[in-house]
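Visitor: okay, predicted coordinates and the sequence, questions at the end:
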Amino acid sequence: MPRTRSFLHLQQQLHKCYLFRRSSTRGFAESSDVGWFRSFFVHKVDSRKDAHSNLLSKKETSHLYKLQFHNVKPDCLDTYNSLSAEVQNQLHRDESYPCEVVGSWNTWYGEQDQAVHLWRYSGGYPALTECLEKLKHNKEYKEFRKERSKLLISRRNQLLLEFSFWNDPTPRTGPNIYELRSYNLKPGTMLEWGNNWARAISSRQENNEAVGGFFTQIGELYVVHHLWAYKDLQAREETRNAAWLKEGWESVVYYTVPLIRSMDSRIMIPTKFSPLQ
């Protein structure tokens, strides 16, 4: 009985403390112009003073990237590759076009009979507009598009910016395989993704596997693309497993996985004319 009375007395004292703190907190909030709860969210909004494209992209360059996905008729892939190589080489030789092919690939694992091209426009949107205007009057390019349409099932593209903390994609000697990992993020999570990967990218540089990191501006939005290079599939497995031994990598995965709606991986083989081999 004494222990029961003591326990009941303790419960009563705790209940009194709770009521006192509740009334004190309510009085403080009501007497203040901006309550703690409101000020917390005001601070969160004020902390973001610019679009995520400006906060996450590189300031020292004005590069704009275009990622093309072309689904080719299964019996036409070789013809398509030859035709694309001819046109891309012509554009590279003509210095009046402020664009260049960063890499061209055919999918090996993932979506089959697909060609993937990554273009870079030096000068951002004005450079893209300039190229489009010139191509409108390029008879050879018009003929190329006409012939290409006979080889395709479907096509789509996206305009991208590169993350400030990733390497610039530069030509590589081969042979390599490439992995394009694409993440569809929940709207509003791009900054959190960028902040976590800015700390994590050092864990994925040991074998020079990081090629480029991008996020969409036009096309399907809130999409991130990470491009990796490996000697072969075995090297890919060993490199990815080694990342888990690095300090901080586990926490990056823990915090970024909840941001993802869906993800996709393509293993790609560079074409003969690709600057990334």
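Guide: Noted; the coordinates are in hand.
Visitor: and residue 6, what's its pLDDT?
Guide: Model confidence at residue 6, given as pLDDT, is 41.
Visitor: buried stuff in stretch 79-97?
Guide: 80-81, 83-85, 87-88, 91, 97 (16 or more other Cβ atoms under 10 Å). For the C-beta atoms, the positions are set from N, CA and C on the backbone; glycine is no exception.
Visitor: flag the least confident of the residues you listed.
Guide: Within these, lowest confidence goes to residue 91 (83).
Visitor: sec struct for that residue, please.
Guide: helix (DSSP: H, G, I helix; E, B strand; the rest coil).
Visitor: can you give me the strands in this structure?
Guide: Here the chain has its strands, by DSSP state E, at 63-72, 99-109, 114-122, 152-162, 177-185, 210-218, 223-230, 260-270.
Visitor: per-domain residue ranges of this structure.
Guide: Using automatic domain parsing, the domain parsing of the chain gives 2-46, 55-270.
Visitor: those domains: lowest mean pLDDT?
Guide: Ranked by mean pLDDT, the domains of the chain bottom out at domain 2-46, with a mean of 39.
Visitor: narrow the buried residues of stretch 79-97 to those in helices?
Guide: For these, the ones inside helices are 80-81, 83-85, 87-88, 91, with DSSP state H as the criterion.
Visitor: save those as TSV, and put in distance to residue 167 too.
Guide: What follows is these, written out as TSV (distance: Cβ to Cβ, whole Å):
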residue	distance to residue 167
80	29
81	27
83	31
84	25
85	26
87	28
88	23
91	24
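Visitor: ok, back up a step: turn the domains of the chain into a markdown table, including distance to residue 276.
Guide: Below are the domains of the chain laid out as a markdown table (distance: least, Cβ to Cβ, whole Å):
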| stretch | distance to residue 276 |
| --- | --- |
| domain 2-46 | 40 |
| domain 55-270 | 4 |
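Visitor: most packed of the ones you listed?
Guide: Greatest average neighbour count among those goes to domain 55-270 (a mean of 16), per mean count of other Cβ atoms under 10 Å.
Visitor: straight-line length of that domain, end to end?
Guide: 32 Å (Cα to Cα, to the nearest Å).
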